[in-house]
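**Student:** Build me a model:
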Amino acid sequence: MVTIVPSGLVTPAPGMRLDIISDFASPPQLLSHLPCPGSFTPASSVQLRNLMRVADNEAVRKSAYEGLRSVGPFVCEAFLKIVKDRNKLARLLGYQDFYDMKVTAAEGFGKARLFEMLDDLEVKTRSIMETARERLATEKGPAALEPHNQSHALAGDTTKATDPYFPFENAVDVWGRTFAALGIQYDGSVMTLDLCDRQGKYSNGFCHWPQPAWRHADGRWVPAHANFTSLATPDQLGSGKTALETLLHEGGHAAHFANVDQYSPFFSQERAPTSVAYAENQSMFLDSLAGDAAWLSRYAVSREGQVMPWQVVEQLVRNTHPYSVFMVRAMLVVPYFEKALYELPEDQLTPQALQTLADQAEERIQGGLSPRPLLSVPHILADESSCYYHGYVLAEMSVHQTRDHFLGKYRAIVDNPQVGADLTSCYWRPGNGSLFLDLVRQLTGKPLAADAWVARLQLPTEGLLDKEKQEYEAAVKAGPKFKPGQEVDLGMRVRLVHGDELISDSETDGGFQGACAKFKAWVRQQYFSGN
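**Tutor:** Model prediction:
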């Protein structure tokens with residue numbers, strides 16, 4: 001049953017959208033199995049990706065990759081039905097396809113304009129990617145390009161070297177002090193953090209708002225209530241750094257939406273017309289700090305109180321900067337795959353065609369099969385995050401453009417409260433009442449472009465090291481604005497939980513640091529009591 005609306009567009013029968021959502025409202029809770037001698041070991045997708053980074057045994061890495069690769073065949077039948085229904089809905093509403101509908105609703109411009117911007121970045125970074133793959137094969141051997149080996153070749157040694165300086169139990173304290181030093185406030189928010197992995201937990205970090213922030217017409221303020229989650233395994237190598245980057249990222253989302261100050265909650269909710277790129281720009285700008293020598297020399301500190309030495313920072317830069325283009329291409333491949341998927345004629349939507357399409361996209365954009373198989377990316381399955389990933393690409397463009405702006409204007413980002421003030425007034429207060437591209441131009445004085453990002457990728461490693469060493473030495477001398485364990489006021493109540501278990505609460509446990517202290521004790525008891 002359909003009805004005709006005055007615009008002449010065909011409107012789907014009531015409930016059609018709900019049917020599509022309910023068919024696959026979120027990715028299935030899968031348990032991939034990692035073969036051990038004579039047995040199978042359950043592991044989440046996050047654990048499998050981490051094993052591919054840190055496991056020295058190639059057989060373990062290969063089985064982890066095969067576990068991720070098995071997601072596609074498991075979901076393909078149900079997923080293809082949803083792809084057909086999504087396209088049917090979009091075309092009834094007058095769009096080219098589902099991707100065109102999603103990007104138009106969220107970004108305010110169509111699929112064609114989006115891929116003009118993405119094509120520019122893809123062309124400008126293709127030769128950089130090809131050079132990086134050749135370099136990796138020369139340095140680590142041709143086997144390093146295999147999908148199950150690539151993450152380990154790039155991160156194995158670096159992860160081991162940096163791990164002591166990211167104790168998992170200190171991550172919440174470091175996040176709080178980092179944001180406080182930037183002058184970030186949460187305007188009375190209540191935040192509930194569920195940070196550790198467990199069986200059956202949704203396999204992706206996220207932040208959602210049961211209560212958006214907004215202001216009544218009479219001036220009364222309604223603060224946000226935010227819930228965010230990560231999937232840390234605290235006793236696993238690399239978990240501390242991953243947890244901290246997730247806190248900076250999801251805490252950035254929470255800071256953004258806590259500071260939207262408009263006369264309706266619709267301006268501060270996370271779905272369309274809130275731009276995906278607008279939302280991700282805030283979080284990705286803040287998690288980018290974890291790669292700066294100026295931040296590492298203040299906040300990457302071991303349990304014994306030792307600051308990460310310059311030699312480790314130098315190793316990190318040497319091991320990652322020449323290959324940072326791989327992250328660009330890994331981001332680009334998702335929207336190119338989804339574009340091709342929703343443009344495929346319906347009679348060609350078969351399980352084999354789906355897997356072939358994914359493999360071809362990986363080969364074309366990443367130069368070979370990806371360490372993260374496309375069909376294991378949870379975003380493409382869930383209704384709310386499908387045809388969404390381009391937002392990360394546009395956001396990363398704006399991150400580099402925004403960083404260039406702040407470094408040109410203030411010469412420093414880390415521990416600079418002027419940065420927090422500018423983010424709040426320009427990017428955060430308007431909410432979705434302003435277009436993302438307009439906000440970037442307003443803050444940086446330039447239209448959004450890939451130029452700053454590409455320039456960073458093209459920067460010679462030695463030139464980057466010279467710059468980073470100067471910033472490292474100055475930051476070591478200055479130290480962090482707030483010392484470890486020092487109380488900070490972020491203008492929020494923090495609740496740390498593990499599922500239904502309340503671990504600590506800043507309202508009843510003596511403030512932010514009181515809540516952090518109880519969380520540290522809980523982590524040590526749960527994961528390290530046998531050591």
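
**Student:** and residue 40, bridged to which residues?
**Tutor:** Per DSSP bridges, the residues bridged to residue 40 are residue 35.

**Student:** That one and residue 338: what is the separation?
**Tutor:** Distance, residue 40 to residue 338, using C-beta to C-beta, to the nearest Å: 32 Å. To be clear about C-beta, it is placed using only N, CA and C from the backbone, and glycine gets the same treatment.

**Student:** ditto for residue 140
**Tutor:** Distance of residue 140 to residue 338, given as C-beta to C-beta: 31 Å.

**Student:** just residue 143 next, same as before
**Tutor:** Summarising the geometry, the distance separating residue 143 from residue 338, computed by C-beta to C-beta, is 30 Å.

**Student:** and stretch 43-51, what's its mean pLDDT?
**Tutor:** Mean pLDDT, stretch 43-51: 83.

**Student:** C-alpha coordinates for it, CSV please?
**Tutor:** What follows is stretch 43-51, C-alpha atoms only, in CSV (Å, rounded to 0.1, in the frame of the first residue of the first chain):
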residue,chain,number,x,y,z
ALA,A,43,36.9,-13.9,20.7
SER,A,44,35.0,-10.8,19.8
SER,A,45,35.7,-8.9,16.6
VAL,A,46,37.6,-6.3,18.7
GLN,A,47,39.8,-8.9,20.3
LEU,A,48,40.5,-10.5,16.9
ARG,A,49,41.6,-7.2,15.4
ASN,A,50,43.9,-6.6,18.4
LEU,A,51,45.4,-10.1,18.1
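
**Student:** Please say which of residue 143 and residue 338 ends up with more neighbours.
**Tutor:** Regarding residue 143 and residue 338, a neighbour count based on other C-beta atoms under 10 Å identifies residue 338 as having more, with 25 against 12.

**Student:** what bits of the stretch 401-531 of the chain have low per-residue confidence?
**Tutor:** Per-residue confidence of the stretch 401-531 of the chain (counting by pLDDT under 70) places the weak regions at 530-531.

**Student:** Over to the stretch 51-200 of the chain?
**Tutor:** By pLDDT under 70, the weakly predicted segments of the stretch 51-200 of the chain are 156-157.

**Student:** Strands of this structure, start to end?
**Tutor:** Under the criterion DSSP state E, the chain contains strands at 3-4, 10-11, 32-36, 39-43, 189-196, 206-211, 214-215, 221-222, 225-232, 492-498, 501-505.

**Student:** which parts of the helix of greatest length in the chain are buried?
**Tutor:** Ranked by residue count under DSSP state H, the longest helix found in the chain is helix 111-140. Residues 111, 114-115, 117-118, 121-122, 124-126, 128-129, 132-133, 136, 140 are the ones in helix 111-140 that count as buried (16 or more other C-beta atoms under 10 Å).

**Student:** of the residues you listed, closest to residue 432?
**Tutor:** Nearest to residue 432 among those, counting by C-beta to C-beta, is residue 114 at 17.7 Å.

**Student:** closest one to residue 383 among the strands of the chain?
**Tutor:** Distances from residue 383 to each of the strands of the chain were compared using C-beta to C-beta; the shortest belongs to strand 206-211, at 14.0 Å.

**Student:** does residue 68 really touch residue 47, like I thought?
**Tutor:** No: using C-beta atoms under 8 Å, residue 68 is not in contact with residue 47, being 10.5 Å away.

**Student:** More neighbours: which of these two?
**Tutor:** Neighbour comparison, residue 68 and residue 47: the larger count goes to residue 68, with 24 against 21 (by other C-beta under 10 Å).

**Student:** Show the contacting residues for the closest residue to the more buried one other than its chain neighbours.
**Tutor:** In space, and not counting its chain neighbours, residue 68 is closest to residue 376: 4.4 Å by C-beta to C-beta, 6 or more residues apart in numbering. For residue 376, the contact set (C-beta atoms under 8 Å, 6 or more residues apart in numbering) comprises 45, 68, 69, 71, 72.

**Student:** got a list of what the residue lying closest to the last one once chain neighbours are set aside touches?
**Tutor:** Of all residues beyond its chain neighbours, the one nearest residue 72 is residue 375 (3.2 Å), with distances taken as C-beta to C-beta, 6+ apart. Contacts for residue 375 (C-beta under 8 Å, 6+ apart) come out as 71, 72, 75, 76, 354, 355, 358.

**Student:** with those in mind, which one is nearest to residue 302?
**Tutor:** When the contacts of residue 375 are compared for distance to residue 302 (C-beta to C-beta), residue 71 comes out closest, at 36.4 Å.

**Student:** neighbours around that closest one, how many?
**Tutor:** Using other C-beta under 10 Å as the criterion, residue 71 is surrounded by 23 other residues.

**Student:** The residue nearest to residue 72 and residue 356: what is the separation?
**Tutor:** According to C-beta to C-beta, residue 375 and residue 356 sit 11 Å apart.

**Student:** likewise residue 72?
**Tutor:** With distances taken as C-beta to C-beta, residue 72 is found 11 Å from residue 356.

**Student:** ok, these two, which is more surrounded?
**Tutor:** When neighbours are counted by other C-beta under 10 Å, residue 72 comes out ahead of the other of residue 72 and residue 356, with 18 against 11.

**Student:** ok, that one - contacts?
**Tutor:** Residue 72 is in contact with 354, 355, 358, 373, 374, 375, 376, counting by C-beta under 8 Å, 6+ apart.

**Student:** how much space between the closest residue to the first one other than its chain neighbours and residue 350?
**Tutor:** Excluding its sequence neighbours, the residue lying closest to residue 354 (C-beta to C-beta, 6+ apart) is residue 76, at 5.3 Å. Distance of residue 76 to residue 350, given as C-beta to C-beta: 9 Å.

**Student:** and these two? which has more neighbours close in?
**Tutor:** With other C-beta under 10 Å as the criterion, residue 76 and residue 350 differ in neighbour count, and residue 76 comes out ahead with 19 against 13.

**Student:** Correct me if wrong: the more buried one contacts residue 355.
**Tutor:** Yes: applying C-beta under 8 Å as the test, residue 76 and residue 355 come out as touching, 7.3 Å apart.

**Student:** Please enumerate the helices of the stretch 51-200 of the chain.
**Tutor:** Defined through DSSP state H, counting those that start in this stretch, the helices belonging to the stretch 51-200 of the chain, from first to last, are 58-69, 71-92, 98-107, 111-140, 147-162, 171-181.

**Student:** In ChimeraX, how would I select just the buried ones from the contacts of residue 72?
**Tutor:** In ChimeraX, this line selects whichever of the contacts of residue 72 come out buried by 16+ other C-beta under 10 Å:
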select :354,355,358,373,374,375,376
